[in-house]
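Enquirer: Here is the input, now give the coordinates:
(one chain, ligands or ions: 1)
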Amino acid sequence: MQIAKEAVEGGIDWIEIGTPFIKSEGMDAIRTLRENFPEHTIVADMKIADTGSLEVEMAAKAGADIVMVMATADDSTIKDALQAAQKYGVRLMADLISTPKPVQRAVELDRIGVDIINIHMGIDQQMTGKTPVDLVFEIASKIRADIAVAGGLDEQTAARSVEAGADIVIVGGNIIHTDNVTEATKKIRRSVDNPQLNQAKKLDMDEEMRKLFMEISTPNISDAMHRQGAMKNIKPMLNDTKMVGPAITVQTFEGDWAKTVEAIDKAKEGNVIVIYNGSSHIAPWGGLATLSSLNRGIAGVVVDGAVRDIEEIRKIGLPIFATSNVPNAGDPKGFGEVNALINCGGQKVKPGDYIIGDENGVVVVPAERAYEIARRAKEVQKTEERLFDEIRRGGTLSEILKLKKWEKQK
Ligand SMILES: O=C([C@H](O)CO)[C@H](O)[C@H](O)COP(=O)(O)O
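Expert: As a prediction, the model looks like this:
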């Protein structure tokens, strides 16, 4: 309710009641919003898959103006839902989420008489880099129904959708997961009203992922990975430190620093050198190796083992993480390997995996899931920002989370 009020102040036209909200609170979610926002169009994202007529009737009677059916539902469900929509004076919107042939299905639904086609990439799909925007232009030129678009839209993608032919722009996370909902809404509103003013350069997936990892914390990443990925007993050697980059790995043995130093020359700019050494008493890394790494543009170093020369490391300022610091140096014996699969802080690390370190510690994100995890961790961070805002306004954490209600029932 609070978020809806703030979004109305920011200039939204319609209020969509999302599927998780409807599943949690049932038709009362629609009734309550109808009562509190009598002038606003209410969209009930029922995601109807069957019993089209009954579910449209339920939502319409509770106060919805627009009811959402799955585009993948059988034609018999869609047609029945449409008849109920006409009977109860509401509009039917079909959601193309996960439709195998979205363009073809949009044309079919348009012919059946659905009022609005929603070109939608679901939240899980967005995390893998999928966006609904490219489909808008293609579908807009083929159908007469109104076109809605949804799926991770922000100022830029909302503007691009409008320019591509969208009539309705649905924005969730980039409004509701912000610490200033009114301001976030105003920004989207401005960009929908003046799409030509929002033509910022689109980052490629690698640039976007790096930017996200720089913005989020290792706790955000750990939450997004369901507590997988955090290295054990690895501590930052500097305060206020942040490290992000793909791994170059080094397997070496107690105090042998030959391969660790050779890795500096083999590393590419932006790499994080991740070392398994296995001794907490003899250091395979110190001040000279740190300066040499800084000069090569290396993003940081993680050692499952000891490091030394902490004062020099502090002066140089390169992020270094290790299990301990000691005075003893090892010797360059030459055992081990660069770019092997290693175990560091109890986590498997292969070359190219993303390594993120900050004052909380270090996490490893498998290369093949790095983009997805960066996106999911950003969502974790946004949700926390909203919670911080609600606590600042005076709520307690357990009240805001409705902790009692959501404890596991026996
Ligand atoms: O429909 C939605 C989702 O399936 C949950 O019901 C969202 O409202 C829609 O995706 C918009 O939210 P964002 O993708 O976070 O912008």
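
Enquirer: Flag every buried residue along stretch 65-83.
Expert: By neighbour count with 16 or more other CB atoms under 10 Å, stretch 65-83 contains the buried residues 65-73, 77-82. C-beta here means a position set from N, CA and C on the backbone, and glycine is covered the same way.

Enquirer: Around the ligand, pick out the residues from the stretch 51-200 of the chain.
Expert: 122-123, 150-153, 170-173 (CB under 6 Å from any ligand atom).

Enquirer: List just the nearest of those to the ligand.
Expert: Gly172 (2.2 Å; CB to the nearest ligand atom).

Enquirer: Tell me how far the nearest residue to the closest one once chain neighbours are set aside lies from Gly278.
Expert: Of all residues not flanking Gly172 in the chain, Gly18 sits nearest, at 6.6 Å (CB to CB, 6 or more residues apart in numbering). From Gly18 over to Gly278 the distance is 50 Å, taken as CB to CB, to the nearest Å.

Enquirer: try Glu262
Expert: Where Gly278 is concerned, Glu262 sits at a distance of 18 Å (CB to CB).

Enquirer: quick one, which of these two is more surrounded?
Expert: Taking neighbours as other CB atoms under 10 Å, Glu262 and Gly278 compare with Gly278 leading, 19 against 16.

Enquirer: so Ala148 is in which element?
Expert: Following DSSP states H and E, one finds Ala148 within strand 146-150.

Enquirer: Spell out the secondary structure type for Val303.
Expert: strand (DSSP: H, G, I helix; E, B strand; the rest coil).

Enquirer: Next, find the distance separating it from the ligand.
Expert: Distance, Val303 to the ligand, by CB to the nearest ligand atom, to the nearest Å: 40 Å.

Enquirer: what pairs with that residue across the strands?
Expert: Ile275, Ala322 (DSSP bridges).

Enquirer: Tell me how many other residues crowd Val307.
Expert: 25.

Enquirer: so what pLDDT did it get?
Expert: Here, the pLDDT recorded for Val307 equals 97.

Enquirer: Quick one: residues contacting it.
Expert: By CB atoms under 8 Å, 6 or more residues apart in numbering, the residues touching Val307 are 237, 283, 285-286, 313, 320, 322, 324-326.

Enquirer: Now the residue of the stretch 301-410 of the chain at minimum distance from the ligand. Nearest residue, chain neighbours left out?
Expert: Residue nearest to the ligand within the stretch 301-410 of the chain: Glu379 (8.3 Å; CB to the nearest ligand atom). Among residues not flanking Glu379 along the chain, Gly173 sits closest, at 6.4 Å (CB to CB, 6+ apart).

Enquirer: From what I see, the one you found and Ile123 are in contact.
Expert: Yes - using CB atoms under 8 Å, Gly173 is in contact with Ile123, at 7.5 Å.

Enquirer: Among the buried residues of stretch 65-83, name the ones in strands.
Expert: Among the buried residues of stretch 65-83, the members falling in strands (DSSP state E) are 66-70.

Enquirer: that older thread, widest-spaced pair of the buried residues of stretch 65-83?
Expert: Farthest-apart pair in the buried residues of stretch 65-83 is Asp65 and Thr72; separation 23.3 Å (CB to CB).

Enquirer: For the helix ranked longest in the chain, list the C-alpha coordinates in CSV.
Expert: Longest helix in the chain, counting residues (DSSP state H): helix 370-392. What follows is helix 370-392, C-alpha atoms only, in CSV (Å, rounded to 0.1, in the frame of the first residue of the first chain):
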residue,chain,number,x,y,z
ALA,A,370,28.4,-14.9,-13.5
TYR,A,371,26.0,-12.6,-15.4
GLU,A,372,22.9,-14.2,-13.8
ILE,A,373,24.3,-14.0,-10.3
ALA,A,374,25.3,-10.3,-10.8
ARG,A,375,21.8,-9.6,-11.8
ARG,A,376,20.2,-11.6,-8.9
ALA,A,377,22.6,-10.0,-6.4
LYS,A,378,21.6,-6.6,-7.6
GLU,A,379,17.9,-7.5,-6.9
VAL,A,380,19.0,-8.6,-3.4
GLN,A,381,20.7,-5.2,-2.9
LYS,A,382,17.6,-3.3,-4.1
THR,A,383,15.3,-5.2,-1.8
GLU,A,384,17.6,-4.4,1.1
GLU,A,385,17.7,-0.7,0.2
ARG,A,386,13.9,-0.6,0.4
LEU,A,387,14.0,-2.4,3.8
PHE,A,388,16.6,0.1,5.1
ASP,A,389,14.3,2.9,4.0
GLU,A,390,11.3,1.3,5.9
ILE,A,391,13.4,0.8,9.0
ARG,A,392,14.6,4.5,8.8
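
Enquirer: From the contact counts, what lies against it?
Expert: Judged by 3 or more CB pairs under 8 Å, 6 or more residues apart in numbering; DSSP states H and E, the packing partners of helix 370-392 are helix 173-176, helix 205-215, helix 218-224, strand 354-358, helix 397-401.

Enquirer: now, of these, which is deepest in the fold?
Expert: Comparing the helices and strands packed on helix 370-392 by mean neighbour count (mean count of other CB atoms under 10 Å), strand 354-358 ranks first with a mean of 26.

Enquirer: partners of Asn118 in the sheet?
Expert: Once the bridges are assigned, which here means DSSP bridges, Asn118 pairs with Asp95, Ala148.

Enquirer: That one against Asp146, yeah?
Expert: No - using CB under 8 Å, Asn118 is not in contact with Asp146, being 9.5 Å away.
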